[in-house]
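>>> what shape does this take:
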Amino acid sequence: MWIERVSLENVLAFTELSVELGAGFNVVLSPNEGGKSSLFRGIVSGLCANASSQRADVLALARWGAGGSFRIRLDFRLGPEAYRLVRDFGGKEQMLYRGGESGPFAKGKGVDEFLAEHLPLADQDLFLRICGVRHEELARVGEADGAIGERIEEILGGGREDVTPARVQLIVEGKRKELLKGRDRPVNEANRGAVKRFTDDVDLLEREAAKATSLAASREGLLKAISGIDSRLKLVDADLDILKMKKEKAQSYVELDRNERSLRERAEGLRQRLRRIEELRAMKDKLAAEAARFAGALASRTAATVDEVRDELAREALLDAGAAGALPGKPAAAAVWRSVLASILILAGAVGALVWKLPMLVLVIAGLALLVWHFAGRDRGRETAHPAEKRGELERLRSARAAWAGSRSLDESKALLAEYASWLERARDVDARLEEAAGKGASDTGALIGTLDAEYGAAAIEVRALAESRAALEPFRLDGDGMLRLDRDIAERLEERERLAAERSARERELAALERMDASDIAERLAAAREGLKRAERKVLVLDAILEALDEARRKMSGFLAERLPPLAGAYLSRITEGRYGTLFIDALSLKIEVAPAAGDAAGAPGASRAPERVEPGALSQGARDQIHLAVRLALIELMSGGESQPLFLDDPFVHFDPARLVRALDLVREFATRHQVVMFTCDPRYREAGDRLVELPERT
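A predicted model of the protein is given here:
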């Protein structure tokens, strides 16, 4: 079914209105108080309300000042056939025309019978709850509505009047209420049900038995006293459990706080060491890059060989300046032996003079003479380098310098050598500090950095976990005074418990000392009354079993809805929420709804509570409830339409949708409009281009 034209006369906001609708997505645009609700109520009343109805909601459709006369005309199609429905509420007449026929083929009740037989949803309440997605209905999504469930069941099962499952269930429930009459509220004695009657008899006999003896009354009093003591003991025990729990939590807080501080210090040490190693590695890499400035022969030298190169540069400078003759030569071998022999003679003569005096003095004199001769000819005895040898030495030194300095001058070479010596000292310093930071034997600093980073990450995670655990225990944090007060409260509860236990023991001794009395007659009558009560209660149980079986049978009969509605509505909801919610659980009789969150929502931190498997819409945001409502209504229309087009009316359903879900919902509605007529009422001009047809209501007249 789809509606082609709606004509209203003196209906609510309109003196006269004629609106043409398309088979696809229609957008009815009007400001607030512009008549959107009037048009919607006119369409629903035209389809469902009898023209002679005296219901207040129908009579309220008349436009103020119209004198109660108003008229609704609907042009619609059922399959390929065109129809025109006219309801004249003023004249209390209704007629149904087919195609271009000039005369009606149905009047009065015949109109309602034809619509009830051919429209999938002819019931007004059912039509409003399924096809009318009104903004005021959005908040009611998921509410159990037995009346609607029964109406859907009647359509699916084909029952009528007393033979419908709902009617049979009412009959059984009536029998059950008859048995229980008077139990929940006062009634006349003659109208009491069996359960109430036997219950009263049992109560009366129990009171008579209590009155029969003062001992029984005393026993009851003692039992009540013991029961009261037990209740107080339970309260004290509950308080003790709470106080002990608070103490345990407070101690756990202290332990967690201490562990967290210790772990934070360790994590900070790891972080600083990691940062130090990374900085030293960066410095080492920078020095390695600087090493490219030095020739290979120079870069391979150590600190000791750098000093040798520095000496060679100094010697080259002297030779180059012509000062090689001033360099000390090597003493000749003969001159060396002369000095040694003179020293021996002087020493021997000096020692011998102590014994032989004069003869040994000759040796001393000879040694002195030889020594004078040695010093006189020392300069003559030195080996003096030949000029050719000086040139050869200079060339050798220059060649050695060119090997590492290239074409640089002597001064430039000295500067380069000084730079290299400085670089070498810095490199040694960085290596020493890196070894100190990394530890001896740690050759692979990259692996060490990875290890330290992993250790720091693990420590940081553990610190976070400890912080979260400690934060969870923050309400139980106590200072020293608080712990003392807590211990004092625990001690007071323990003392109170001991006192109550002593009092209970005293009452038990009093109870044991009471004399027992045999009231056999009262007991026999009480037993008979109780047996009658059991029989009545068994009847109630039988009726409960019948109701349960009937409910199960109704659910099986409604299996079509129970099986097909959840997956279809779930697919629509998943599309709107982009997979956030995709599984629905729907009671086929009551239409009570629950949804399941996406599987990813169950993941969380260790020890955190798991996401629920089912969530009632009332626990979600208004936007999410609106989206569930829309998905369920679309699915119901699909299932209840029997393959025929069924109009869907939307009254600003996207008020609480976020932009992303609004786009997906509009796409879904557009796709739905290819199979069913959609009419969306809105005051928001953003939807002007949303549908296939735009209807702008005229100003109210």
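>>> what's the weakest-modelled helix or strand in the protein?
Least confident helix or strand of the chain, by mean pLDDT, DSSP states H and E, is helix 378-381 with a mean of 46.
>>> what's the following helix or strand after it?
helix 387-405 (DSSP states H and E).
>>> how far does that next one sit from its chain's centre?
80 Å (CA atoms, centre = their mean, to the nearest Å).
>>> pull out the buried positions in it.
E393, L394, L397, R398, R401, W404, A405 (16 or more other CB atoms under 10 Å). Where you see a C-beta, it was placed from the backbone N, CA and C, and this is true even at glycine.
>>> before we move on, what about stretch 520-539?
Neighbour-count burial for stretch 520-539 [16+ other CB under 10 Å]: I522, R525, L526, A529, R530, G532, L533, A536, E537, K539.
>>> so the fifth one, which of the three states?
The one in question is R530. helix (DSSP: H, G, I helix; E, B strand; the rest coil).
>>> which residues does stretch 506-526 contact?
202, 205-206, 208-209, 212-213, 215-216, 218-219, 222-223, 225-226, 229 (CB atoms under 8 Å, 6 or more residues apart in numbering).
>>> how far does it stretch from start to finish?
Distance across stretch 506-526, first residue to last, is 32 Å (CA to CA, to the nearest Å).
>>> A527 is in what secondary structure piece?
helix 520-557.
>>> ok, then the element right after that helix?
helix 559-577.
>>> what mean pLDDT does that following helix get?
Across helix 559-577, the average pLDDT comes to 85.
>>> what's that helix packed up against?
Using 3 or more CB pairs under 8 Å, 6 or more residues apart in numbering; DSSP states H and E as the contact test, the elements touching helix 559-577 are helix 146-157, strand 581-586, helix 622-640, helix 659-672.
>>> pull the CA atoms of that helix into CSV?
The C-alpha trace of helix 559-577 is given here as CSV (Å, rounded to 0.1, in the frame of the first residue of the first chain):
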residue,chain,number,x,y,z
GLY,A,559,8.2,-18.0,16.1
PHE,A,560,8.0,-16.3,12.7
LEU,A,561,8.4,-13.0,14.4
ALA,A,562,10.9,-14.3,17.0
GLU,A,563,13.1,-15.8,14.5
ARG,A,564,13.1,-13.2,11.7
LEU,A,565,12.7,-9.9,13.5
PRO,A,566,16.0,-9.9,15.6
PRO,A,567,18.4,-10.6,12.7
LEU,A,568,16.7,-8.1,10.4
ALA,A,569,16.5,-5.4,13.0
GLY,A,570,20.0,-6.2,14.1
ALA,A,571,21.3,-5.8,10.5
TYR,A,572,19.6,-2.3,10.3
LEU,A,573,21.0,-1.3,13.7
SER,A,574,24.5,-2.5,12.7
ARG,A,575,24.4,-0.4,9.6
ILE,A,576,23.3,2.7,11.5
THR,A,577,25.9,2.3,14.3
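>>> could you list the low-confidence segments of the stretch 301-450 of the chain?
Scanning the stretch 301-450 of the chain for pLDDT under 70 picks out 303, 322-340, 342, 345-346, 348-364, 366-386, 440-443.
>>> where do the helices of it begin and end?
For the stretch 301-450 of the chain, the helices defined by DSSP state H, counting those that start in this stretch cover 303-320, 333-352, 358-376, 378-381, 387-405, 410-438, 445-472.
>>> that older thread, what angle do the helix holding A527 and helix 559-577 make?
70 degrees (axes from the mean of the first three to the mean of the last three CA atoms, to 10 degrees).
>>> and helix 520-557, how far out from the chain middle?
49 Å.
>>> kindly report the same for stretch 75-84.
Distance, stretch centre to chain centre, for stretch 75-84: 51 Å (CA atoms, centre = their mean).
>>> mind checking the end-to-end distance for that stretch?
4 Å.
>>> show the average pLDDT along that stretch.
For stretch 75-84, the mean pLDDT works out to 91.
>>> flag every buried residue along the longest strand that the chain contains.
Scanning the chain for the strand with the most residues, using DSSP state E, yields strand 2-11. If you call a residue buried by 16+ other CB under 10 Å, then strand 2-11 has these buried ones: W2, I3, E4, V6, S7, L8, E9, N10, V11.
>>> next one: stretch 12-21
L12, A13, F14, L17, V19, L21.
>>> hmm, which of the residues you listed is lowest in pLDDT?
The member of these with the lowest pLDDT is A13, at 85.
>>> what residues are up against it?
By CB under 8 Å, 6+ apart, the neighbours of A13 are E33, G34, G35, S38, R63, R700.
>>> what do you get for E20?
E20 touches E4, R5, V695, counting by CB under 8 Å, 6+ apart.
>>> what ranges in the stretch 151-300 of the chain fall below the confidence cut-off?
151-167, 295-300.
>>> distance between the ends of stretch 469-480?
Where stretch 469-480 begins and where it ends lie 21 Å apart, using CA to CA.
>>> buried ones in that stretch?
In stretch 469-480, counting by 16+ other CB under 10 Å, buried: R470, L473, F476, L478.
>>> which residues sit against it?
Contacts for stretch 469-480 (CB under 8 Å, 6+ apart): K246, K249, A250, S252, Y253, L256, D257, E260, L486, G607.
>>> how far does that stretch sit from the chain's center?
On CA atoms, centre = their mean, the centre of stretch 469-480 falls 24 Å from the chain's centre.
>>> again, but for stretch 111-121
49 Å.
>>> got it, and stretch 254-273?
Worked out by CA atoms, centre = their mean, stretch 254-273 lies 28 Å from the chain centre.
>>> tell me how far D241 lies from L584.
41 Å (CB to CB, to the nearest Å).
>>> okay, the two: which has more neighbours?
L584 (24 against 11; other CB atoms under 10 Å).
>>> so that one bridges to which residues?
Following DSSP bridges, L584 is listed with bridge partners V595.
>>> quick check: it touching V595?
Yes - using CB atoms under 8 Å, L584 is in contact with V595, at 5.5 Å.
>>> quick one: contacts for A317?
When contacts are taken as CB under 8 Å, 6+ apart, A317 is in contact with L410.
>>> might one say that A405 is in contact with K414?
No - using CB under 8 Å as the test, A405 is too far from K414 to be in contact (9.2 Å).
>>> ok, which pair from the contacts of A13 is furthest apart?
Across these, the longest distance by CB to CB is 14.9 Å; it joins G34 and R63.
>>> look at the closest residue to Q169 other than its chain neighbours and say how many residues are nearby.
Here the nearest residue to Q169 in space, its sequence neighbours aside, is L550; by CB to CB, 6 or more residues apart in numbering that works out to 5.4 Å. L550: 17 surrounding residues under other CB under 10 Å.
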